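Chemist: no sequence on this one, just coordinates:
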């Protein structure tokens with residue numbers, strides 16, 4: 001019985017330490033970004049529901065090095081334009097059946113503080129690329145306030161890769177339009 005006393009004392013100490021947090025500490029913690037599965041059909045409905053805002057969609061995957069390099073710029077753009085009627089969304093094209101890849105994607109989003117909508121395309125990966133009309137990633141699609149696709153920035157042409165500046169210019173152009 002005396003052997004249990006140090007254990008119980010340590011347990012009591014840990015419980016007391018955990019309970020001593022002030023409510024403001026808990027409130028200050030930001031929730032980790034989620035990665036919500038979405039089918040292609042549900043994705044199409046989300047786009048229809050986004051009319052009235054400029055919507056910037058970043059298609060990426062945890063296995064795509066250029067995607068991961070570009071992603072922090074999307075987070076920075078979100079911070080810059082979140083009060084300007086620009087909506088940022090990320091869609092992971094990681095394999096929905098690869099639990100390790102999905103966990104890597106979630107972890108990456110948390111490290112990036114991606115505080116916007118983050119989806120996992122819940123389709124067979126080959127079908128997803130085909131339905132989305134994508135040949136490669138990274139890809140950024142930008143929709144105008146009218147819901148029409150206005151910019152499709154991809155790396156499909158090896159002689160003309162899109163840049164962060166291309167994304168910036170497209171957003172500024174759409175923000176400058178009236179109506």
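Modeler: Done, it's in. From a predicted model like this one, the values you see are computed outputs, not experimental measurements.

Chemist: Which of the helices and strands in this protein ranks last by mean pLDDT?
Modeler: In the chain, no helix or strand scores lower on mean pLDDT, DSSP states H and E than helix 23-28, which sits at a mean of 36.

Chemist: So which elements touch the helix or strand following it?
Modeler: Downstream of helix 23-28, the first helix or strand assigned by DSSP states H and E is strand 36-38. On a contact count with 3 or more CB pairs under 8 Å, 6 or more residues apart in numbering; DSSP states H and E, strand 36-38 meets strand 117-121. The way it works is simple: take the backbone N, C-alpha and C, and place the C-beta from them, glycine included.

Chemist: Quick one: distance of the strand it packs on to the chain centre.
Modeler: 6 Å (CA atoms, centre = their mean, to the nearest Å).

Chemist: cool, and stretch 107-115?
Modeler: Centroid displacement of stretch 107-115 relative to its chain, using CA atoms, centre = their mean, is 8 Å.

Chemist: what is the mean pLDDT for that stretch?
Modeler: The pLDDT scores in stretch 107-115 average 95.

Chemist: next one: stretch 34-44
Modeler: Average pLDDT, stretch 34-44: 94.

Chemist: Good, we can wrap up now.
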